[in-house]
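Asker: okay, here's the prediction I keep looking at, along with the sequence it came from:
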Amino acid sequence: MTLAADFAQNLKLQADIVRVVGEYVSLRKSGAQNYSGLCPFHKEKTPSFSVHATKQFYYCFGCGEKGDVFKFVQKIENVTFPEAVRAVAQKIGVALPKATFSSEAEAKDARTRTALLDIHERACAFFQECLRRPEGARAREYLAGRGLDDDAIKKFRIGFAPDSGFLLRDRLKGQFSEEMLRESGLFSWKDSRQPSAMSHQPDRGSLDSAKPSASQSSTSARDDRAVQGAHDRRPMTDDAPGVRSLTPDAAHTMYSKFRNRIMFPIANEGGRVIAFTGRTLSADEKAGPKYLNSPETAIYSKSRVLFNLDLAKEAIRALNYAILVEGQMDCISLFAAGFHNVIASSGTAFTGPQAGLLARFSKQVVVNFDPDAAGAKATERTLGLLIEEEFDIRVLTLEAGFDPDLFVRRKGKDAYKDALKHSQKYFEYLIERARMQFPVRSAEGKTKAVNYLLPHVQRVPSLIVRDALAEEIAQKLNLDSAVLRQELKHAANTRKTATVKTSAEAQVTDAERILIRALAAANQFQNEDSISDRSGEDDAFDPARQARYVLSADKLHVGLGTESLIEALLNASDGADLMELPVSGSEQALLAAILMKADEELSAEKIEGATRALVRVQIRRRLEQIQRQLESLRTADASQLRALMDEKLRLKRALMNPGLNSGEIGAA
């Protein structure tokens, strides 16, 4: 998709990259113009992700990811460039021009995503409407019995899917194609030409049942007969002379996947509905799964969505921790009780991508899953994922028989707040679990307990933390710490080791940094670094122009470690993207580091000082060459010897001259 000429460029000028990135990453000011935080694109404990406010780019010194505001949104949202432009425009309130598409495939993809979002929004409104109708009375009673008032129902846009399989279809049919309705995941269908065969089977990995329940089958059969009668009265179409076939609509019977269920919308981070969870109201054991989830679609990937993150993300940032629960009702009840930093996994066990998503907002989490055996196993799996992401984790285990929803309704928010304060450190919880499962009075029990804990220890990235955990485990399981250390060492050996490398940045002189900054000033959208010269004339000093002049004329950068980077900056056109220069990854990292740490303003004196410093470098290099030549002379060529000695003397005088400037190098 392409937008009106120069729209993206103008939008980039208006967008505040710190504000946009700050919606996804917790940033802290770390310099005059740059901010830092934990990189959202790789696992890390120490912030290496930086954003430059004035030059409007980001760079991660850990994984090398870099780019402008559009590139960031593209990568973190997993969208195309046009979609990123659209997202940035919406974030800053800029109207989009009419769009065109570069290919039919791109146009189709954009239309599909837009239509699916629209279908889900309209379906959500339909379910909300049905909840208010007389047929929604039982659903309203259920919600009231779960302690949800009208405000909570409205806040979470909870609705009701009626028992009929065709009402939602008929509502949407005139607005969207049958193909798009199928893509939405809200419908199932049968081939009318093969009544006994289902043309679509749910994903076995979802909570949808492989076969319709008895009640669903009877409803479907009733609806099917009504629709088939209408189909029988429809005209036939001629595919070929003498051949008559059913119309496309008559060939299939499409019906709602969700029937007689309370509907909980699942929203993306921006608050748009992308899927649903339906809770059955039927007491019939053949009514299908208790909770039925939308299948994955072009807009919904269940392993990458956290329920309620759209409403909770600001509170998570403000409080700097999240409460992670299993069920959506747990999440809704806690949120309604005032715990606005609560989120839940959505239709799946907690996943690595969900851990990465949460890490963008806070690295501290309280895990509060159900206290039963299934909840304990889910807690263990979740802890493993959070440990690998280096979260600061605590575990809240409520008393038997109480999930978070029931606890807060029966005992109140103050009791839950007190329980939060007494949550355990995650490894204290794991050690306690080990002691409960494996009696440590015997050698066999101790061995089993250690084997249970070792994989959790192994996931911990820090060797120092692993060592501390070994001491804690040894003490609480009454083990010989030396034996345990041996086991932990064996487990730790499977982790990849890291080596410390000398930073390329440390090998760059201050003079090179200043001139690189000056050259980069020409590639900014606004020349923030330009200031008045010593005469006070605002337009007399241009750091980029001055740096280009001396470097191009005297080749002061030749032979330096930064030669290729400076050459790329010299050859770059004005306005070029600094993070897309044709240089190596290490040079891109170096450029980012220099610009991120550029806290002092450039001035004419700084440029001149940097120039003199590089001239001295060139002079010293030439003196070394002369010395080697003098030492290698085998014949006593008086004229050659005299010329070298004269040049050596001239260069030494120049080197001692406090007024050394770029003009003297030629004379030397």
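Answerer: Yep, that arrived. Only a predicted model underlies this, so the values are computations on that prediction, with no experimental measurement involved.
Asker: confidence score at the most centrally placed residue in the chain?
Answerer: Central residue of the chain (CA atoms, centre = their mean): residue 76, 4.4 Å from the mean position. For residue 76, the model assigns a pLDDT of 86.
Asker: the helix or strand hosting it: what's the following helix or strand?
Answerer: Assigned by DSSP states H and E, residue 76 belongs to helix 69-77. Sequence-wise, the next helix or strand downstream of helix 69-77 (DSSP H and E) is helix 81-92.
Asker: give me the buried positions along the helix holding residue 76.
Answerer: 69, 70, 71, 72, 73, 74, 76 (16 or more other CB atoms under 10 Å). No exception for glycine: its C-beta is placed from N, CA and C like everyone else's.
Asker: counting by contacts, list what that helix packs against.
Answerer: helix 7-14, helix 17-22, helix 81-92 (3 or more CB pairs under 8 Å, 6 or more residues apart in numbering; DSSP states H and E).
Asker: specify the angle between it and helix 81-92 in degrees.
Answerer: Orientation of helix 69-77 against helix 81-92 (axes from the mean of the first three to the mean of the last three CA atoms, to 10 degrees) gives an angle of 100 degrees.
Asker: pretty sure residue 92 contacts residue 15?
Answerer: Yes. Counting by CB atoms under 8 Å, residue 92 touches residue 15, with 5.6 Å between them.
Asker: show me which of these two is the more surrounded one.
Answerer: Per other CB atoms under 10 Å, whichever of residue 92 and residue 15 has more neighbours is residue 15, with 21 against 13.
Asker: follow-up on the earlier one: hey, C-alpha coordinates of the helix holding residue 76 in CSV?
Answerer: Extracted as CSV, the C-alpha positions of helix 69-77 are listed here (Å, rounded to 0.1, in the frame of the first residue of the first chain):
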residue,chain,number,x,y,z
VAL,A,69,9.4,4.8,14.3
PHE,A,70,7.8,2.9,11.4
LYS,A,71,10.3,0.1,11.5
PHE,A,72,9.7,-0.3,15.3
VAL,A,73,5.9,-0.5,14.9
GLN,A,74,6.4,-2.9,11.9
LYS,A,75,8.5,-5.3,13.9
ILE,A,76,6.7,-5.2,17.2
GLU,A,77,3.2,-5.4,15.8
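Asker: contact partners of that helix?
Answerer: Here helix 69-77 makes contact (CB atoms under 8 Å, 6 or more residues apart in numbering) with 8, 12, 15, 17, 20-21, 24, 40-41, 56, 58, 65, 67, 79-81, 83-85, 87-88, 360, 579.
Asker: are any of those residues buried, and which?
Answerer: Taking 16+ other CB under 10 Å as the criterion, what is buried in the contacts of helix 69-77 is 8, 12, 15, 17, 20-21, 24, 40-41, 56, 58, 65, 67, 83-85, 87-88, 360, 579.
Asker: about what we covered before: how far away is the residue nearest to the centre of the chain from residue 438?
Answerer: Residue 76 sits 43 Å away from residue 438, taking CB to CB, to the nearest Å as the criterion.
Asker: can you check residue 105 too?
Answerer: With CB to CB as the criterion, residue 105 and residue 438 are 57 Å apart.
Asker: which one of those two is surrounded by more residues?
Answerer: residue 438 (20 against 9).
Asker: I'd assumed residue 432 was in contact with that one.
Answerer: No. In this structure, residue 438 is not within contact of residue 432 by CB under 8 Å, at 11.6 Å.
Asker: pretty sure residue 353 sits in a helix.
Answerer: Yes. With DSSP: H, G, I helix; E, B strand; the rest coil as the criterion, residue 353 is located in a helix.
Asker: now it. Nearest residue, chain neighbours left out?
Answerer: Spatially, and ignoring its direct neighbours in sequence, residue 353 is nearest to residue 304 (4.6 Å; CB to CB, 6 or more residues apart in numbering).
Asker: count of neighbours near that neighbour?
Answerer: By other CB under 10 Å, neighbour count at residue 304 equals 17.
Asker: what do you get for the one 3 residues further on?
Answerer: Residues near residue 307, counting by other CB under 10 Å, number 27.
Asker: need the contact list for it.
Answerer: 266, 328, 331, 343, 344, 345, 346.
Asker: how about the contacts made by the last one?
Answerer: So the one you mean is residue 346. Going by CB under 8 Å, 6+ apart, residue 346 touches 266, 275, 277, 302, 305, 306, 307, 328.
Asker: and the fourth one, its phi and psi?
Answerer: The phi and psi torsions at residue 302 (degrees, to the nearest 10) take the values phi -60, psi -30.
Asker: and the pLDDT at it?
Answerer: 89.
Asker: residue 293 is in contact with that one, correct?
Answerer: Yes. Judged on CB under 8 Å, residue 302 makes contact with residue 293 at a distance of 6.9 Å.
Asker: now the buried residues of helix 69-77 in JSON lines, with distance to residue 284?
Answerer: Formatted as JSON lines, these follow (distance: CB to CB, whole Å):
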{"residue": "69", "distance to residue 284": "53"}
{"residue": "70", "distance to residue 284": "52"}
{"residue": "71", "distance to residue 284": "53"}
{"residue": "72", "distance to residue 284": "50"}
{"residue": "73", "distance to residue 284": "47"}
{"residue": "74", "distance to residue 284": "48"}
{"residue": "76", "distance to residue 284": "44"}
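Asker: what residues of stretch 368-375 count as buried?
Answerer: Applying 16+ other CB under 10 Å to stretch 368-375 flags 368, 369, 370, 371, 375 as buried.
Asker: kindly export whichever strand or helix holds residue 649 (C-alpha atoms) in CSV.
Answerer: Per DSSP H and E, residue 649 falls inside helix 638-656. Coordinates of the C-alpha atoms in helix 638-656 are reproduced here as CSV (Å, rounded to 0.1, in the frame of the first residue of the first chain):
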residue,chain,number,x,y,z
ALA,A,638,72.8,12.1,1.1
SER,A,639,69.9,13.9,-0.8
GLN,A,640,67.3,11.3,0.3
LEU,A,641,68.5,11.3,3.8
ARG,A,642,68.4,15.1,3.9
ALA,A,643,64.9,15.3,2.5
LEU,A,644,63.6,12.8,5.1
MET,A,645,65.4,14.7,8.0
ASP,A,646,64.0,18.0,6.8
GLU,A,647,60.5,16.6,6.7
LYS,A,648,60.8,15.0,10.1
LEU,A,649,61.9,18.4,11.6
ARG,A,650,59.1,20.2,9.9
LEU,A,651,56.5,17.7,11.2
LYS,A,652,57.9,17.9,14.8
ARG,A,653,57.6,21.7,14.8
ALA,A,654,54.1,21.4,13.4
LEU,A,655,53.2,18.9,16.1
MET,A,656,54.4,21.3,18.8
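Asker: quick one: list the elements packing against it.
Answerer: If you count contacts as 3+ CB pairs under 8 Å, 6+ apart, helix 638-656 packs onto helix 604-632, helix 663-667.
Asker: tell me which of the ones you listed lies nearest to residue 169.
Answerer: Smallest distance to residue 169 across these (CB to CB): 70.3 Å, for helix 604-632.
Asker: run the chain-centre distance for that closest one.
Answerer: 48 Å (CA atoms, centre = their mean, to the nearest Å).
Asker: and the host helix or strand of residue 458, C-alpha only, in CSV?
Answerer: Assigned by DSSP H and E, residue 458 belongs to helix 443-459. What follows is helix 443-459, C-alpha atoms only, in CSV (Å, rounded to 0.1, in the frame of the first residue of the first chain):
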residue,chain,number,x,y,z
ALA,A,443,18.0,-40.4,50.0
GLU,A,444,15.6,-41.4,47.2
GLY,A,445,13.3,-38.6,48.1
LYS,A,446,16.1,-36.1,48.2
THR,A,447,17.3,-37.3,44.8
LYS,A,448,13.8,-36.9,43.3
ALA,A,449,13.4,-33.4,44.8
VAL,A,450,16.8,-32.3,43.4
ASN,A,451,15.8,-33.7,39.9
TYR,A,452,12.5,-31.8,40.1
LEU,A,453,14.3,-28.5,40.9
LEU,A,454,17.3,-28.8,38.6
PRO,A,455,15.5,-27.9,35.4
HIS,A,456,14.2,-24.8,37.0
VAL,A,457,17.7,-23.8,38.2
GLN,A,458,19.0,-24.5,34.8
ARG,A,459,16.7,-22.0,33.2
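Asker: okay, buried residues for that helix please.
Answerer: Judged by neighbour count (16+ other CB under 10 Å), helix 443-459 contains these buried residues: 445, 446, 448, 449, 450, 452, 453, 454, 456, 457, 458, 459.
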